[in-house]
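1. Quick check, what structure comes out for this input:
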Amino acid sequence: MFSDKDYADGGCRKRLTLKADEFIRRFLLHVLPRGFVTIRYYELLPNNHRIGKIAIARRLLGARSSPR
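-> Numbering: from 1, shown residues only. Prediction:
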């Protein structure tokens, strides 16, 4: 038996009972195939490079230096 959040009912927690084969099926949806690697962290604009990357993006898009 599991606790599940039912978003259709306002996010209430409800008990969920699964058969063994359904539990295994749902669990295996999170297992990657052989040779694949999990990407744990990816951020387009991390704080330490944000200004430079925004400037490059604006230059590539032909946008003004300030959006205002």
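2. can you pull out the strands in this protein?
-> With DSSP state E, the ranges of strands along the chain come out as 2-6, 12-16.
3. what's the span of stretch 36-52 from first residue to last?
-> End-to-end distance for stretch 36-52: 31 Å, by Cα to Cα, to the nearest Å.
4. My error: substitute stretch 22-33 in the last question.
-> 19 Å.
5. rewinding a little: so which of the strands of the chain comes closest to residue 49?
-> strand 2-6 (35.5 Å; Cβ to Cβ). (Glycine included, C-beta is placed from N, CA and C.)
6. Mind telling me which of the strands of the chain the model trusts least?
-> Here the lowest mean pLDDT among the strands of the chain goes to strand 2-6, at a mean of 83.
7. what's the closest non-adjacent residue to residue 3?
-> residue 13 (5.3 Å; Cβ to Cβ, 6 or more residues apart in numbering).
8. can you list the strands of the chain in TSV and add mean neighbour count?
-> Below are the strands of the chain laid out as TSV (neighbours: other Cβ atoms under 10 Å):
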stretch	mean neighbour count
strand 2-6	11
strand 12-16	10
